[in-house]
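the following comprises the amino acid sequence and a computationally predicted model.
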Amino acid sequence: MAPSTETLPRQHQQRQPGLEAQMTPRPQSQDIYHPGSGKLAGKTAIITGGDSGIGRAVALAFAQEGADLAILYLNERQDAEETQQQVEQLQRKCHVMAGDIADEAVVQRLISTTMKEYGKIDVLVNNAGEQHVQADIQQITRQQLVRTFETNFFGLFLLTKASLVHMRSGSAIINTASVTAYRGNKELLDYSASKGAIVAFTRSLALQVAARGIRVNAVAPGPVWTPLIPSTFDDQTVSTFGSNTPMGRPGQPEEIAPSYVFLASDDASYMTGQVLHPGGGEIVNG
């Protein structure tokens, strides 16, 4: 069972997207009691932000199901190498690459490297993201607004565009949205807007590529214990993070990863343009 909010000590990291290695307690990333049943056997998946948090949990869950991986991370080398080692312990291949998803040259390098390593792209998980707390819209500079959208949406758009060139019928794209796209967050205005854009993009692209046999879906988690949390919020907010959900606690990454496995696998063969909501019981519209 995941720890309750009472077990979260006050903590803060100065630099985004944060390091999992510095979190107390460490996020739970791997469900060792469900070792997988080959749902993704023979598939290759790209995961952005795959070094830690939800991305790491998805990487491990995909590996348990038989997928080989290409992971993009920003600069968290320690976390990325740890994820790579854990994937390789599951007897799957894992190529890790550092780079800013907002840089189109990085996107192209990720695609070319993945094709060179594996020769195909079956699943794309657009998971990289950033957020910045601002209490008032007047405090959000143009620079912050552009940066948030470059990371959360523009990079996702460009990587999806580049990946689709190599995708065949049966491929799947999964985008990480957020509960904030539905209920908003007064201190994460630009972040919430970028996540709303991801929802609209998911639904629209699903219509465009359905005839090609490619599915496009999203996951909109509620509060999840990832490095982005202590690197975004002050220590007091962190200590009560997730307590406002009906379950009274934040989710663990391993609890979110099964949604991605489902959407990546043939179990979701008749699902496209949809959004799953693992959110601790919070009900959202849409």
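Good, I have the coordinates.

who's the closest residue to M271 other than its chain neighbours bridged to?
Using Cβ to Cβ, 6 or more residues apart in numbering and skipping the chain neighbours, the partner closest in space to M271 is N217 (6.2 Å). Using the backbone N, CA and C atoms, a C-beta is placed for each residue, glycine as well. When bridges are called by DSSP bridges, N217 pairs up with I174.

surely N217 meets A206?
Yes: applying Cβ atoms under 8 Å as the test, N217 and A206 come out as touching, 7.2 Å apart.

what touches both of these two?
Among the neighbours of N217, those also in contact with A206 (Cβ atoms under 8 Å, 6 or more residues apart in numbering) are 272-273.

who has more neighbours, the two?
N217 (24 against 19; other Cβ atoms under 10 Å).

distance of the more buried one from D267?
Applying Cβ to Cβ, to the nearest Å, the value for N217 to D267 is 12 Å.

what does L164 give?
In this structure, L164 and D267 are 22 Å apart, going by Cβ to Cβ.

which of these two has more neighbours?
L164 (18 against 11).

verify the stated contact: that one with V216.
No: at 9.7 Å, L164 and V216 do not qualify as touching, with contact defined as Cβ under 8 Å.

the strands in this protein, which residues?
44-48, 68-73, 94-98, 123-126, 172-176, 215-219, 275-276 (DSSP state E).

could you point out the longest helix in the chain?
helix 189-209 (DSSP state H).

and that helix, what does it pack against?
helix 142-149, helix 155-164, strand 172-176, helix 180-183, strand 215-219 (3 or more Cβ pairs under 8 Å, 6 or more residues apart in numbering; DSSP states H and E).

can I get the ones you listed in a markdown table with distance to F201 and mean pLDDT?
Shown next, in a markdown table, are these (distance: least, Cβ to Cβ, whole Å; pLDDT from 0 to 100):
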| stretch | distance to F201 | mean pLDDT |
| --- | --- | --- |
| helix 142-149 | 12 | 98 |
| helix 155-164 | 7 | 98 |
| strand 172-176 | 7 | 98 |
| helix 180-183 | 11 | 96 |
| strand 215-219 | 9 | 98 |
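
which one of these lies nearest to T48?
Closest to T48 of these, according to Cβ to Cβ: helix 155-164, at 6.8 Å.

pull that closest one out as CSV, backbone CA atoms only.
Only the C-alpha atoms of helix 155-164 are listed here, as CSV (Å, rounded to 0.1, in the frame of the first residue of the first chain):
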residue,chain,number,x,y,z
GLY,A,155,8.0,19.4,-27.8
LEU,A,156,5.2,16.8,-27.6
PHE,A,157,3.8,18.1,-31.0
LEU,A,158,7.1,17.9,-32.8
LEU,A,159,8.1,14.5,-31.4
THR,A,160,4.7,13.1,-32.3
LYS,A,161,5.0,14.5,-35.8
ALA,A,162,8.4,13.0,-36.3
SER,A,163,7.4,9.6,-34.8
LEU,A,164,4.3,9.3,-37.0
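
list the buried ones in it?
155-160, 162-164 (16 or more other Cβ atoms under 10 Å).

then stretch 163-178?
For stretch 163-178, the neighbour count (16+ other Cβ under 10 Å) marks 163-164, 166-167, 171-178 as buried.
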